[in-house]
Every structure is written in C-alpha cells, then in structure tokens.
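Visitor: Please work out how this folds:
(chains A and B)
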Amino acid sequence: MAGIYVHVPFCKQKCTYCDFASFPKELGKTESYFACLYRELEGRGRALKDKVFDTIYIGGGTPSVVPAKFIAGVIRQIKKFFNLAENSEITIELNPGTVDEEKIKTYKSVGINRFSIGLQTGYDEQLKKLNRIHTAKDFLLACNLLKGENFSADILMGLANQTAEQVKKSIELAIAGGVSHISLYALTPEVGTPIYTDYLNGELLSDDEVADIYDSARKYLEEKGFFRYEVSNFAKKGFESKHNLNYWRRGEYIGVGVSASSFIDNRRFTNTFSIDEYMNAIIYNKNPEIDSAVIELEDACFEFIMLGLRTVDGINIKEFNQKFNKDFDSEYKSILLENGKYLDRDGFNLKIKDEYLYVQNTIITSFMK
Amino acid sequence: MAVDKKNIRNFCIVAHIDHGKSTLADRLMEKTGQVSERDMEEQLLDSMDLERERGITIKLTPVRMFYTAKDGEEYIFNLIDTPGHVDFTYEVSRSLKACEGAILIVDATQGVQAQTLANAYLAIDNDLEIMPVINKMDLASARPDDAARELEDILGVDASDAPRISAKNGLNIEEVLEQVVHKIPAPKGDDNAPLKALIFDSYYDNFKGVICFVRIIDGVVKQGTKITTFMSKKQFDVTEVGVFSPKMTPKDSLVAGEVGYIAASIKSIEDTAVGDTITDALNPAKEPLPGYKKALPMVFSGVFPLDGSKFNDLKDALLKLKLNDAALSIEPDNSTALGFGFRCGFLGLLHMDVIQERIEREFDLEIITTAPSVSYKVYKTDGTVLTVENPSKLPAVTEIDYMEEPIIKASIFTPPDYVGPIMELCQYKRGVYTDMVYLDKTRVELKYILPLNEIVYDFFDSLKSRTKGYASFDYEPCGYQKSELVKLDMLLNGDVCDALSVIVHKDKAYERGRQIAEKLKEVIPRQMFEIPIQAAVGGKIIARETVKAFRKDVLAKCYGGDVTRKKKLLEKQKEGKKKMRRIGTVEIPSEAFISILKTDNDK
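Guide: Residues are numbered from 1 along each chain as shown, chains lettered A, B, ... in the order given. As a prediction, the model looks like this:
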C-alpha cells in the first residue's frame, strides 16, 4: 500500500519558525495553483495506476486557508485517477484560525476522515510571539466543530521561557478538546527564519531543558492514555497516523504540488519549491522535479534502519533480510555490539530502548557506512 | 664570461623579525634592475605562501644582482636571504658562512631588539663585516639617532654613516648599494686550488635531483666535474651549474668566490648535508671547510594522520619535506590513542608550526599533533641513561633514579615598565635570574636560565600578553639540569590517553592537570554517556572534570516525506564524527591534543 501527499503552499501569515514552502503573498494564485495540482494528480495517477494507495495527507502551508472546494477538487481528482483503497485514511491539516462549520462539512462530505490541527501552544502570548493567527480559544472552537472525529494536535517544545508545566497545560488543552493523537515537536531554529535570531541570542531553551520537558510531557501523555509510537508522535491505541507510519516503514508515496517529495519504485524525487516554477512546468508539460535519485542498495538499507528506528516498534530484521537479500546480523555485527546497551532485541525485532529514543541520531548514524 | 673576484660581493641581511629585511631585499633587486617594479610580487625572496603570509623567511634563497657603482665598475652582488627567527639560528649560520659581509637592519622606531643582537653576534662570530642600516625612516616615530647610538653602545658597531633608509618607500637605497661595494670585502679564494664548495642549503627537484646551494671557496666546478662530499663520500657527475637571478639560470662554470647551485642527479638530500663541503673527486681538497654541525632538533611532537588509513600519505609528505629540511627528524611512532604516526623533531616551535602547516596545505592531509615535548635524560636505577622525547616512553617511576631536562639561556629585551611582569613570568616558569642590563632609558635586557619545557608551553604567548607585545625574546640551548619531573596522564572515561600525557615539573603537576582537564571539558563534545576526565600522576588522581551526557539529538520535524534531507543531516553529523578520534569509548576532536597547550595561566 502507498500514500499520497498533497502540498498547499499558502497561509495567512508566516509563523516565525516556519521554513516550509508556504507563501502568504501568493494566495492570489490559489485558483491557478489548484488547476496545476489537478493536472499533476491526473498525470501521476495515470502513471501509477498499478499501485494501490490507502492514505492521503493534505499538508502545507495551511490547506484550510483556501476555499474548501479546492480541497474537494483534490479528493475528486485522486478518486478519479488513482487506485484508492476502501477505508483509506484521509488527513488534512487545519489552522484553528481558518476553519468554519461549512469547511469541515465539505471536508467530511468528500471523505476526509482525519484532521491535524496546529495548536503549538495553549498560551495566547506565546502564539502571538510565534506569529500564529489563532488563540487557544480558537483551537477549542475548532475542536468543537470536529466533535466525534479523529483528530490530532501539534504541540511545540522549546519556546523562549517555556516551562514543562506550560507544555503539560497545552497537552491538557488538546486532550480537553478531544484529540486522539498528539505530535510533540521540539522547535528547530532553521537558518533564515525569524526565530533563528532568537536562537542566536540564546533566547530559546537548551537541548537539556527541552529533554526535561519532553520526558515530563511523555509521562503525562502516557498517564492520559496516549502512547508514544514514534519519537514525536503519541496516540490513543488504534489512532496512529497510517500515513506517517508508511514513511517510517519505507513504504512508497507520491507527493504532489510544490516542494512535495516522493518515493516510488526505489526512486526519491522532490518537486520545485517555487510556485511559479511549478506552475510553469505543469502548464508546459515539463517535469516539476528538481531532485531525483535512484536509491542504491546500501542507502536503501540505511534508510530502512534510519526510518524504522524512529518508531517505538523499531525494525523487523526478517523483513530487512528479505527486502535487501542480506544478513542483518553479520552486516552490522560490530555496530550492534557497540550500541548493544542502547538497543532492545527480541527475536527478529530490533528497537532503540525507550530511554534512548531521544538521542537516537548518534545511534542511527553509526549504522551509516 | 670571466668573473673578476674583486667585483663580487657576497652578503646577507640580518635583522629582528619585522624590521624590514625582505622589503630591503626587494628594493635592492628592483634598483639593480633584477626585477621590474611592475612584475614584482611583494617580497620575492619569500617564495613559500606560508612565508609570505607570516612575513617570515624559512628557506634560504640566494639571488644574484648586477650593480654599476659610481666608480663606473660593474659588480656582482650575491644576496643570501636568511631566516629571521630564533628557531632557525643554524640556518642563519650556514648562510653566513657563504658571505663576507652582513647588512644589519635596525628599525628606527624600535631600535636594537633581541634577534638583532643574536643575529649580529652570529655574523661577528663568522668574521663578517657588519654594515648597519637604519630602516623605517618614513615613520613619524622614527628616532634614528637613538637607533644609531644603540648600535654603537650595545653592539660596538660604528653606525655614524649607516644609511638611513625607508625600504618601503625606496629612500636612500642607492647609498646601501654603494656601501655594499665599499664596505663589504670581495671574496678571496684560489681558482686553481682543488675545489671546495660549501653547501648552505639544498632542496629536492623532481627532475634534477637535489639542488645544492653553494658558495665556491676555492677551485672551479662545471658540468661534467666528478664531485664528492666529505661526509657522504659518494661520487656524482655534475649535470648543471648556475646562478640565481632570481630564477635558476644555468652557467658554464662557477669559480671561487661565486654563489650558485650545483645539480648532479643526487637522489638523497642526506648525501649533501647542509654545512658539508663538496670537492672534486679526481683532485680532492685535503680537508673540508670547518664548522660543520648537524642541526639538532629541540622540540618533539607526535604527528598522526587524522584518518588512520592516510598513514602512508603522511609518511610520503614527511619524507618529501625532509628532502628539503635537514633539521626535521622523523621516527615512526605508535600511540594506543592515535594509532600509527611519527615522532618528529623540530628546531623550535615555529619550525614545528611551519612543518605542520605545510603538511596540511601542500599535501592536503589532515593531521593531529600532540603537545610538544623536549628531550629528557633519564638516569635509570640500573645505571643506564635513556633519552626520552615522548612522554609515553618514560620508564616506570621505580626504574628511574633521577631525570635531567634541557635548559636554555634566555635574553629578553623590554621597556623598563615590564620588568616586573616579566620577572614574575620567568619565576613562574621556573627560571633562574642571571643578569639585568639597562641598555638605555628605554630598554632593559633581562637574562634568565629557563627550562626548555616551560618555553614550549605557552611562554611566547604569556610574554606577549604581559608586555603588550613590546618585549622581544631570544634563546640558546645551554645543556641539562637535574629536575624533579613527573609524567602527568590524562584519563578519559577511565582509560589513559597516551597522546595527552605530558612530562612536567612535580610542583606544576596539580595545576597543569587541572588546566588540561578544564580545557578538555571545553573541547570534548557531550556524548551518549557521561565522561569523567581525570588527571593522574603515578596512578593518583589529582584533578577531575565531567562532560555530561547529552539528552537530545533527535531530528525534529522535517516534513515526513523528506527523507533525503534527513539523510543529509545525518551524513553531516557523520562527517563531523570523522574529524574525531576515538580514544577507548570517547570521541575527541583532533584539536583537543594541541588545545591543551593553550591553557591560559594569566588568569
């Protein structure tokens, strides 16, 4: 089974930490952009008609900033040109400041069955500082519109002066809103974003402080019945994101739209990050990809490990051996020995011990040849 | 073309660092039409990039110039540039032997400095005619009368008619050229006597073999001459002789009094040791020229490839550098921490720095160097004596009766204001005061006996910072003294890291141990586990620091599908790791080994 990612590169205003392809000033291009998106979906769908897809993820930017009819159009195109499984997981990202009853109604009517709300924090002054367009109250209003639905909230750690208690309260707010899933991310100051200046001036929390917050938040989430299934993702049993799990299991996916990445037939490729370039390419029947590489065996092995070890379940060694026609244990003998104390081995299952999941980079990097 | 000896002048220029030696050399070449101003790259003689960047001369480069003097005669000037730094005293002395005179430059704003004195004495010892020149007259702060008086008072050189010049602006350069003609004697020597040629430098050329830079003392050498040297006794057929103008220019022959080069398909620089004498194999001179001395390394340091698999590349690089550098000593070394590498001997700290930088630049190799050490004499209880240059080779304490360390005679020139801080520093560095001379109102010369191992450990930097750069420093080795020395080991996560061990005086062990531990704590990045850093003497822990384990290194939210970017971030991390050395369980950045030197004791 494979996934479809659709990128909507628009938003009302940029958050201070955002380095995604999202352009508030380009909202005027919505109509033509979606026309191109439909066209790319048609082309990709025809080319991939032999594959079965079972997840769709509409992300951004802020997909909910554009009129719902465009989103409906996306789903319509996918259903028309892709081989979409019954009961597919279909997710859309929402910003609490851009939703209303009508939109949700439309989303639901076209089959969207999962929602991911960007909350980030339950504190209005922090939201304001991040240049978010909504308040904590807006979040609860959005939750209200989603009552009974399967939805998730994103929460950020590491904001200036943020305390563990504040993160806990933000989680509490999300749970009160009725979420079944929480993504808990550490703020990453990317070069070129406004928050990078804060980082340079030492205003953000240190890694140690973030680690403390993460530990206490994780404990709290588990008390509330949200289990960690990937380093940044927590869900009630049965509510894990299938779309994301597909990434971590190194499944195939097609990304459509500006900056979207794909992994199909052992080839990874990414579309251009510029809206104009993208539209030009689509209109003139040119390739919108800027990056394309066939993954060599050694890289593929590493990807499998890198992605799999992010999850709490880790990797299945039998699957590795069959997929790559290798013997995992002899291939990584010295690395396994060296990292023994950080890993849990149970039959064919290999995972990073719970307490080391947050320092996984060093462990994962050692598997790199 | 027959050369009339009475029209040859062989001379060098000596000076304290930065007093304008290379600039004057450039001006002389320009004035004699050797190079046009336009073609001239600043400071022609310093041909290595490194030399030009640092404004120092390392390799000697002779150059031949033609000058038509006011008396109407044309003279041949052979200028032999000399290194200005204390490390290269031996190189200076070799080139001095090829000359009859020396231009002694003094900066009109600074007067006589430590190296002015050291180099002038060297020249006097070699019976050279000293020709003083006062430079930097273009500067407003120039005080040429004081400089002239200092030359007379301190050195006993008549400076009454010393040209007052600005090498930078070309002021009074003519006068310098005229004085070279009149003050510096023409070479003597007998063209008909058996060949005697002094090798004062050499380098290896891929096509011609070793090129010997020579001063012909007696006799004639030409293409086809069968030559031999007194040290190697091997014979070679001369393939080419010539002069430097300033590029190598072949000539039919070189005769007594001339300076030039000889190529004879010589494969190894060891066969033409600097200071050795070349003679005619078929008609040999009875005895060599006096004064040959093998350059002895004073400072030793381990040099290891950052990437262990580059051992052979490092070996090739060192051998190539050694081809041109008789003073560099190389010995295979093996460290538990750093693997296979070399123990190298250098003339001094600058020499060490230069060699290390050349390995990295010219051979594109990344290396790890250990803290410099000196050569200790270890008197063992069984009556034998051991020379130890590598702290990890020190025998067990129980086998040592006592130890001796090399000492130096230091001469420090300073404005009187800094006498206090310098005395404090020298005392701290275990120095023994021997003398203090007030040269004039503005200058004091302090004399100390100091252990060399204190000099190789941040003495220059401390001196500079305590005197705002005003003090100058020179030294010469003066034997060994008995001393209570101990080996200070550093333990990382419980394992001794042999490459970090140093030999220190007993009384300094605690302080150094603490400083090194603190420094290591700064440079060792946090890892998956806590790392204790301990300093130990004879198994007893004397200082401890801890590098805490890190708690978060996970990649945050890249958009889930962007696997390529995630991979790149991890690759970057892996690259960073490759720059680290693994000691037992601990990853150490390569600069850690040298950073322990840079502890600041001026706090």
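
Visitor: For the stretch 1-150 of chain A, which residues are neighbours of chain B?
Guide: A:Y5, A:F20, A:G59 (Cβ under 8 Å from any Cβ of the partner chain). Quick note: C-beta positions are derived from backbone N, CA and C, even for glycine.

Visitor: Next, work out how far apart the second one and B:S590 are.
Guide: Distance from A:F20 to B:S590, counting by Cβ to Cβ, to the nearest Å: 37 Å.

Visitor: Look at those two and report which has more neighbours.
Guide: A:F20 (22 against 18; other Cβ atoms under 10 Å in any protein chain shown).

Visitor: Check what pLDDT that one gets.
Guide: Looking at A:F20, its pLDDT is 91.

Visitor: re earlier: check the residues of the stretch 1-150 of chain A next to chain B against B:D458 and report the nearest one.
Guide: Lowest distance from B:D458 to those (Cβ to Cβ) belongs to A:F20, with 49.8 Å.

Visitor: Touching, the closest one and A:E93? I think so.
Guide: No - with contact defined as Cβ atoms under 8 Å, A:F20 does not reach A:E93; the gap is 10.8 Å.

Visitor: shared neighbours, these two?
Guide: Contact with both A:F20 and A:E93 is made by residues A:G60, according to Cβ atoms under 8 Å, 6 or more residues apart in numbering or on different chains.

Visitor: Any chance you could list what contacts stretch A:304-320?
Guide: Counting by Cβ under 8 Å, 6+ apart, A:227-231, A:245, A:247-250, A:301, A:323-324, A:326, A:328-329, A:344, A:348-352, A:354, A:357, A:360, A:363-364, A:367, B:563, B:566-567, B:570 sit against stretch A:304-320.

Visitor: Just the ones of those in helices?
Guide: Taking DSSP state H as the definition of helices, the contacts of stretch A:304-320 contribute A:245, A:247-248, A:301, A:323-324, A:328-329, A:360, A:363-364, B:563, B:566-567, B:570.

Visitor: helix or strand for B:K447, which one?
Guide: For B:K447, the element it lies in under DSSP states H and E is strand B:443-451.

Visitor: one step back: buried subset of the contacts of stretch A:304-320?
Guide: Neighbour-count burial within the contacts of stretch A:304-320 applies to A:227-231, A:245, A:247-248, A:250, A:301, A:328, A:350-352, A:357, A:360, A:363-364, A:367, B:563, B:566-567, B:570; the criterion is 16 or more other Cβ atoms under 10 Å in any protein chain shown.

Visitor: Look up the pLDDT of the closest residue to chain A within the stretch 251-400 of chain B for me, please.
Guide: Residue nearest to chain A within the stretch 251-400 of chain B: B:S309 (14.9 Å; Cβ to the nearest Cβ). On the pLDDT scale, B:S309 is placed at 89.

Visitor: so what's A:E331 closest to, chain neighbours aside?
Guide: A:C301 (7.5 Å; Cβ to Cβ, 6 or more residues apart in numbering or on different chains).

Visitor: contacting residues for the one you found?
Guide: Contacts of A:C301 (Cβ under 8 Å, 6+ apart): A:F320, A:F324, A:K326, A:E331.

Visitor: Repeat that for A:D354.
Guide: A:V312.

Visitor: what's the next secondary structure element after the helix or strand of chain B with the lowest mean pLDDT?
Guide: Of all helical and strand segments in chain B, the minimum by mean pLDDT, DSSP states H and E falls on helix B:49-54, at a mean of 51. Later in the chain than helix B:49-54, the nearest helix or strand by DSSP H and E is strand B:62-68.

Visitor: Give the partner strands of that next one in its sheet and their orientations.
Guide: strand B:74-80 (antiparallel) (DSSP bridges).

Visitor: Using neighbour counts, pick out the buried residues of the partner strand.
Guide: B:Y75, B:I76, B:F77, B:N78, B:L79, B:I80.

Visitor: which parts of chain B sit against chain A?
Guide: B:527-528, B:550-557, B:559-564, B:566-567, B:570-571, B:573-574, B:577.

Visitor: Spatially central residue for the chain, please.
Guide: Using chain A. A:N244 (6.3 Å; Cα atoms, centre = their mean).

Visitor: not what I meant, chain B
Guide: B:H351 (3.2 Å).

Visitor: ok, now which ones touch the closest residue to B:L492 other than its chain neighbours?
Guide: Leaving aside its sequence neighbours, B:L492 sits nearest to B:V586 (Cβ to Cβ, 6+ apart; 4.5 Å). Residues in contact with B:V586, defined by Cβ under 8 Å, 6+ apart, are B:L492, B:N493, B:D495, B:I524, B:Q527, B:I531.

Visitor: at 10 Å instead, please
Guide: B:337, B:492-495, B:497, B:520, B:524, B:527, B:529, B:531-533, B:547, B:580 (Cβ atoms under 10 Å, 6 or more residues apart in numbering or on different chains).

Visitor: repeat for B:R443
Guide: Per Cβ under 10 Å, 6+ apart, neighbours of B:R443: B:110-113, B:146, B:150, B:154, B:413-416, B:437, B:470, B:472.

Visitor: Same check on B:T387?
Guide: If you count contacts by Cβ under 10 Å, 6+ apart, B:T387 has them with B:S375, B:Y376, B:K377, B:V378, B:K393.

Visitor: all helices of chain B, in order?
Guide: Under DSSP H, chain B gives helices at B:21-31, B:49-54, B:89-96, B:114-125, B:144-150, B:173-183, B:311-323, B:349-362, B:419-428, B:452-455, B:459-466, B:509-523, B:563-578, B:592-595.

Visitor: Indicate which one of the ones you listed is closest to A:L119.
Guide: Here helix B:563-578 is closest among these (Cβ to Cβ), at 24.5 Å.

Visitor: So which elements touch the closest one?
Guide: For helix B:563-578, the elements it packs on are helix A:242-248, strand A:261-264, strand A:267-271, strand A:289-294, helix A:297-308, helix A:360-365, strand B:586-589, judged by 3 or more Cβ pairs under 10 Å, 6 or more residues apart in numbering or on different chains; DSSP states H and E.

Visitor: Redo the ones you listed as JSON lines? Include distance to B:A326 and mean pLDDT.
Guide: Shown next, in JSON lines, are these (distance: least, Cβ to Cβ, whole Å; pLDDT from 0 to 100):
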{"stretch": "helix A:242-248", "distance to B:A326": "62", "mean pLDDT": "95"}
{"stretch": "strand A:261-264", "distance to B:A326": "60", "mean pLDDT": "96"}
{"stretch": "strand A:267-271", "distance to B:A326": "57", "mean pLDDT": "96"}
{"stretch": "strand A:289-294", "distance to B:A326": "53", "mean pLDDT": "94"}
{"stretch": "helix A:297-308", "distance to B:A326": "48", "mean pLDDT": "95"}
{"stretch": "helix A:360-365", "distance to B:A326": "46", "mean pLDDT": "91"}
{"stretch": "strand B:586-589", "distance to B:A326": "34", "mean pLDDT": "86"}
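
Visitor: and the ones you listed as TSV, adding distance to B:S268?
Guide: Shown next, in TSV, are those (distance: least, Cβ to Cβ, whole Å):
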stretch	distance to B:S268
helix A:242-248	62
strand A:261-264	60
strand A:267-271	55
strand A:289-294	51
helix A:297-308	45
helix A:360-365	46
strand B:586-589	38
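
Visitor: Can you say which of these is nearest to A:R46?
Guide: strand A:261-264 (13.5 Å).
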